[in-house]
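Peer 1: Okay, sequence plus prediction incoming.
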Number of protein chains: 2
Amino acid sequence: METTQVRLAAYPVGVPADSDFEFATVSLPDLAEGQVLLRAIYLSLDPYVRGRMSTAKSYADPLALGDVVMGGTVCEVVESRSGDRQVGDVVLAFTGWQTHAVVDARHTRRLDPSTAPISTALGVLGMPGFTAYAGLLEIGRPKAGETVVTAAAAGPVGSAVGQIARLKGARAVGIAGGAEKCRVLVEQLGFDAAVDHRSETFVDDLAAATPDGIDVYFENVGGPVAEAVGRRLNRYARVPVCGLVAGYNDTAAAEGPDRLPGFMRRVLTLSLTVRGFIQDEFAATHTADFAREMGGWVGDGSVRYLEDVTDGLDQAPEAFRGLLSGRNLGKALVRVGTDPTSTS
Amino acid sequence: METTQVRLAAYPVGVPADSDFEFATVSLPDLAEGQVLLRAIYLSLDPYVRGRMSTAKSYADPLALGDVVMGGTVCEVVESRSGDRQVGDVVLAFTGWQTHAVVDARHTRRLDPSTAPISTALGVLGMPGFTAYAGLLEIGRPKAGETVVTAAAAGPVGSAVGQIARLKGARAVGIAGGAEKCRVLVEQLGFDAAVDHRSETFVDDLAAATPDGIDVYFENVGGPVAEAVGRRLNRYARVPVCGLVAGYNDTAAAEGPDRLPGFMRRVLTLSLTVRGFIQDEFAATHTADFAREMGGWVGDGSVRYLEDVTDGLDQAPEAFRGLLSGRNLGKALVRVGTDPTSTS
């Protein structure tokens, strides 16, 4: 059995170029006891992977040149030497940007296609949904009547943040790029308001959408959007920081003026809480609550989700660039192979 | 009865100049029922007052031109129409930069000179000590074995922060300006290490003093010191922000490069908590614990304090400039009049 892989060929400078990736097809080893052979169905594309394509110090080691690009996957078991997994099982795994992989069965989690579409294990019921749930409830702590603003609101984290905020009685305001995304946020996902950060009237629109100021800003983009939000924060506002995608392709220190002193003055005078987090910090404490509560909300339609599916592993680099530039509407997935549970 | 006052004559641009203040002597009104006439003994000089000399938006309204400059005071009651206060009582009040004042007795708190020197009500047992206590324990939350760094460590907040951190089992490292201050921190106040931020080897010295990185940075200065500390923060570090005195005299946006994106990346990748606070946020919840615990520590010598006393209200503007430029060693006080409890 062979697998086709997408490997890191060079550390990208700025936007990842096609030449930063290389495709290779290699043989897989025979299964050892306890292992399974997996065929990838869905591959998750995530902004944090851009950080791993850099040797800058971070919370995790960078990819080495030649490594298969990392990523969560939903796979079908096509061969098994584990008593816990049968051929045909659908599992959550972390096999990265490739068509097949041999892994230990204990590094997979079996999914039940009858409870939710299997792709949701990479989105609203997976890591992005968990990021939204734990970060909003543990750090943002929205109270009824407060205003919660999330950037990248049409993405899988932001769209969950806004909907959970509403379920907690808060006013949910989404920021997204383009009128179409904003329309979807209000009409399909039930946000109280949505603001297009590409509009020339963005700052005024944000003010109009947040008449009582902002109590929670779920930060996952940074850049000018964050600057505009910062000017509307209320005293004691909380800012969970789970991503800064606007700067992930930056190659040099930004030009002045230096905004850090002004930012710190705002932290001081407004008694702000700015708290970075990586979702795995909350895995031990919040996973069970998330599965029960979020599973219930998705099951009964209280929380909806959007997916942006690209077909074919060969399209992964271009889809990844689209993700980093905000082109996707909903969770960015690559359909690597046929979904046996899909009726469409 | 007359009072001599120091009033704000102009909003300072940069360092407050003599011409930004005006001295005036005016008559005081007769006492109404429930009021006392106070004679100031000690006046507290505090960095936050520089913020009130600006019309920039902050957590409190600015001083108006012509207002007496604000400040906490320890006073003697020289006339009383209140059953709760007798002539000769020593009280904590908030009468500002003036020699005498008429206030409602209920706006004063009686001090017991037998339990602690009366000046401590403006320092280690007053607002600066409370800022250190509440900010460190509620936001910094040092654990035994962790490293706590405080800037302005020879000031009344920083010196208390370091000593409380040690009492909680943490390693206390102070940053101060000059070798003499650093010597005092280690030899008199029991800091584990002290680092001179004016030294050319400051960055290396800080690294040597914090071999296990930094878990809590009590931020009260900002500027280049904060930048150096930031590079040594550990994952999950906490940064209580109670002041930014390095920038209080700044008149324009700092020149580039823009350090905010890098700061936010650090917040994200290290899961930092950056939390601004004004001590009154914790008054309702922490005042009783503070009085009991800190009073005990000061009483038994576990927490020591330094005072920097300037004689004469006419010296207040110059002493205030000294405070803003870090010239003081310990709590900055002006002795406005004779201390009747002092034996020296």
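Peer 2: Structure's in. What do you need?
Peer 1: Do a quick rundown of the helices in chain A.
Peer 2: With DSSP state H as the definition, chain A shows helices at residue ranges A:48-52, A:127-134, A:156-167, A:179-187, A:202-209, A:223-230, A:260-269, A:283-299, A:316-324.
Peer 1: Out of those helices, which gets nearest to chain B?
Peer 2: Of all the helices of chain A, the one in closest proximity to chain B, counting by Cβ to the nearest Cβ, is helix A:260-269 (4.0 Å). Where C-beta positions appear, they are placed from N, C-alpha and C, glycine not excepted.
Peer 1: which strands and helices sit next to that closest one?
Peer 2: Packed against helix A:260-269 by the contact rule (3 or more Cβ pairs under 8 Å, 6 or more residues apart in numbering or on different chains; DSSP states H and E) you find strand B:233-241, helix B:260-269, strand B:273-276.
Peer 1: switch to 10 Å and redo it
Peer 2: Helix A:260-269 is packed against helix A:223-230, strand A:233-241, strand A:273-276, helix B:48-52, helix B:223-230, strand B:233-241, helix B:260-269, strand B:273-276, with contacts defined by 3 or more Cβ pairs under 10 Å, 6 or more residues apart in numbering or on different chains; DSSP states H and E.
Peer 1: want to try a markdown table for these, with mean pLDDT and distance to A:P117 as columns?
Peer 2: Conversion of those to a markdown table gives the following (pLDDT from 0 to 100; distance: least, Cβ to Cβ, whole Å):
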| stretch | mean pLDDT | distance to A:P117 |
| --- | --- | --- |
| helix A:223-230 | 90 | 31 |
| strand A:233-241 | 97 | 27 |
| strand A:273-276 | 97 | 31 |
| helix B:48-52 | 90 | 55 |
| helix B:223-230 | 90 | 44 |
| strand B:233-241 | 97 | 35 |
| helix B:260-269 | 90 | 31 |
| strand B:273-276 | 97 | 37 |
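Peer 1: would a markdown table of those with distance to A:T310 and mean neighbour count be doable?
Peer 2: Rendered in a markdown table, the data for the helices and strands packed on helix A:260-269 read as follows (distance: least, Cβ to Cβ, whole Å; neighbours: other Cβ atoms under 10 Å in any protein chain shown):
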| stretch | distance to A:T310 | mean neighbour count |
| --- | --- | --- |
| helix A:223-230 | 25 | 19 |
| strand A:233-241 | 28 | 21 |
| strand A:273-276 | 30 | 24 |
| helix B:48-52 | 52 | 20 |
| helix B:223-230 | 39 | 19 |
| strand B:233-241 | 34 | 21 |
| helix B:260-269 | 27 | 21 |
| strand B:273-276 | 37 | 24 |
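Peer 1: just the helices of chain A: most buried one?
Peer 2: helix A:156-167 (a mean of 28; mean count of other Cβ atoms under 10 Å in any protein chain shown).
Peer 1: Break chain A into its domains for me.
Peer 2: Following automatic domain parsing, one gets these domains for chain A: A:2-123+A:306-335, A:127-283+A:290-296.
Peer 1: Looking at these, which is nearest to B:E2?
Peer 2: Shortest distance between B:E2 and those, using Cβ to Cβ, is found for domain A:127-283+A:290-296: 36.6 Å.
Peer 1: In the stretch 151-300 of chain A, which residue sits nearest chain B?
Peer 2: Going by Cβ to the nearest Cβ, chain B is nearest to A:G256 of the stretch 151-300 of chain A, at 1.7 Å.
Peer 1: Please report how far that residue lies from B:P261.
Peer 2: 12 Å (Cβ to Cβ, to the nearest Å).
Peer 1: Please apply the same query to A:V241.
Peer 2: 12 Å.
Peer 1: which neighbours do the two share?
Peer 2: Residues touching both A:V241 and B:P261 (Cβ atoms under 10 Å, 6 or more residues apart in numbering or on different chains): A:222, A:226.
Peer 1: give the contact list for the residue nearest to the spatial centre of chain A.
Peer 2: The C-alpha lying nearest the average C-alpha coordinate of chain A belongs to A:P128 (Cα atoms, centre = their mean; 4.3 Å). Taking Cβ under 10 Å, 6+ apart as the criterion, A:P128 is in contact with A:44, A:46-47, A:72, A:122, A:155-161, A:220, A:242, A:279, A:305, A:331-332.
Peer 1: And for A:D67?
Peer 2: Neighbour list for A:D67: A:5, A:7-8, A:52-53, A:96-97 [criterion: Cβ under 10 Å, 6+ apart].
Peer 1: and if you look at A:A93?
Peer 2: By Cβ under 10 Å, 6+ apart, A:A93 lies in contact with A:36, A:38, A:40, A:71-75, A:77, A:101, A:103, A:105, A:107-109, A:121.
Peer 1: Which of the contacts of A:D67 sits closest to A:S271?
Peer 2: For A:S271, the closest of those turns out to be A:R52, at 34.7 Å, with distances computed as Cβ to Cβ.
Peer 1: Which residue, neighbours along the chain excluded, lies closest to that closest one?
Peer 2: Nearest residue to A:R52 in three dimensions, chain neighbours excluded: A:L63, at 4.9 Å (Cβ to Cβ, 6 or more residues apart in numbering or on different chains).
Peer 1: Which pLDDT does the model give that neighbour?
Peer 2: Reported pLDDT at A:L63 in the predicted model: 95.
Peer 1: what's the burial count for it?
Peer 2: One way to gauge burial is a neighbour count; for A:L63, by other Cβ atoms under 10 Å in any protein chain shown, it gives 20.
Peer 1: what residues are up against it?
Peer 2: Contacts of A:L63 were listed using Cβ under 10 Å, 6+ apart, and they are A:7-8, A:11, A:49, A:51-55, A:69-70, A:96.
Peer 1: circling back to that earlier point, can you list the helices of chain A in a markdown table and add distance to B:V90?
Peer 2: As requested, these are arranged in a markdown table below (distance: least, Cβ to Cβ, whole Å):
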| stretch | distance to B:V90 |
| --- | --- |
| helix A:48-52 | 59 |
| helix A:127-134 | 52 |
| helix A:156-167 | 52 |
| helix A:179-187 | 62 |
| helix A:202-209 | 51 |
| helix A:223-230 | 45 |
| helix A:260-269 | 33 |
| helix A:283-299 | 51 |
| helix A:316-324 | 65 |
